[in-house]
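Student: pasting the sequence and the predicted model now:
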Amino acid sequence: MAFIPVPGVVQVELIYQWDSQTVETVLHYDADDPIDSTEYAAMGAQLVTLWNANLKGAISTPVTLTQIKFTDLSADIGPVLNYSTGLPLVGTLTGPSLPNNCALVITKRTPLRGRSYRGRIYHPGLGEADVTANAVAAARVTALLTAYGALRTFTAGAKNYYMCVVSRYTDNAPRVTGIATRVNGFTTDGMVDSQRRRLPGRGR
């Protein structure tokens, strides 16, 4: 499959270890001018700070953030950085966690409609105490929407970075060049969903 470039966009992978399984949350960011690979370390430092302040308390203790990987999507051969300063950080949500595949799906919204302009975050590390039947507690849902909102746009160094939704296909056909649309908010139905690749032995 031919590589589809997305100019000006950096892929950011939050990489966790959970029950000897590698679990990832993949995000994408752009900026008002091209992002140079020398700026990845500043982005990494700020994301570690934001994760520690906003997400750590909503992720169960068996889940550990071990590194953040940055990949330039402008070309098939480009800069990569595995950032680990200040890591690992362990989730601080105490009590039993739900199985690895259980996640709260948070939908990334943009000003445009259609599949090319929506994305998903599968939040890992839900605790049993936060779920009744299949519903995540309203307080936890609100806290998570706020937490990911803190990651939606941030400043690192002298530059502002913006989370975006990347689309490489339209009507099931590959685009020549991918497009990126900035996220302007998040929604969720508050129900537990499944990411089967996170089950032990299924993913990486």
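Tutor: Done, it's in. Note that the structure is predicted; figures quoted are calculated from it, not measured.
Student: the helices in the chain, which residues?
Tutor: Secondary structure of the chain, counting by DSSP state H: helices at 40-54, 138-152.
Student: centre of the chain to the last one, how far?
Tutor: Shown here is helix 138-152, whose average C-alpha point lies 13 Å from the average C-alpha point of the whole chain (Cα atoms, centre = their mean, to the nearest Å).
Student: tell me what that helix is packed against?
Tutor: Applying 3 or more Cβ pairs under 8 Å, 6 or more residues apart in numbering; DSSP states H and E, one finds that helix 138-152 makes contact with helix 40-54, strand 102-109, strand 118-123, strand 159-170, strand 185-187. All C-beta atoms are positioned from the backbone trio N, CA, C, and that covers glycine.
Student: buried ones in the last one, by neighbour count?
Tutor: Right, strand 185-187. Neighbour-count burial for strand 185-187 flags residue 186 (criterion: 16 or more other Cβ atoms under 10 Å).
Student: again with stretch 170-188
Tutor: By 16+ other Cβ under 10 Å, the buried positions in stretch 170-188 come out as 178-183, 186, 188.
Student: quick check: end-to-end length of it?
Tutor: Between the start and the finish of stretch 170-188 there is a gap of 24 Å, counting by Cα to Cα, to the nearest Å.
Student: before we move on, the earlier item: out of the helices and strands packed on helix 138-152, which is closest to residue 74?
Tutor: strand 159-170 (12.0 Å; Cβ to Cβ).
Student: now that closest one against helix 138-152, angle please.
Tutor: Relative orientation of strand 159-170 versus helix 138-152 (axes from the mean of the first three to the mean of the last three Cα atoms, to 10 degrees): 100 degrees.
Student: strand 159-170 pairs with which strands, and in what direction?
Tutor: If you go by DSSP bridges, strand 159-170 pairs up with strand 21-31 (antiparallel), strand 153-156 (antiparallel), strand 173-182 (antiparallel).
Student: any chance you could list what contacts the shortest one?
Tutor: The list of residues contacting strand 153-156 from outside it, by Cβ atoms under 8 Å, 6 or more residues apart in numbering, reads 39, 42-43, 45-47, 50, 160-163.
Student: in the sheet, who's paired with the closest residue to residue 97 other than its chain neighbours?
Tutor: The shortest distance from residue 97 to any non-neighbouring residue, by Cβ to Cβ, 6 or more residues apart in numbering, is to residue 60 (3.5 Å). Note on residue 60: beta-bridge partners residue 93, judged by DSSP bridges.
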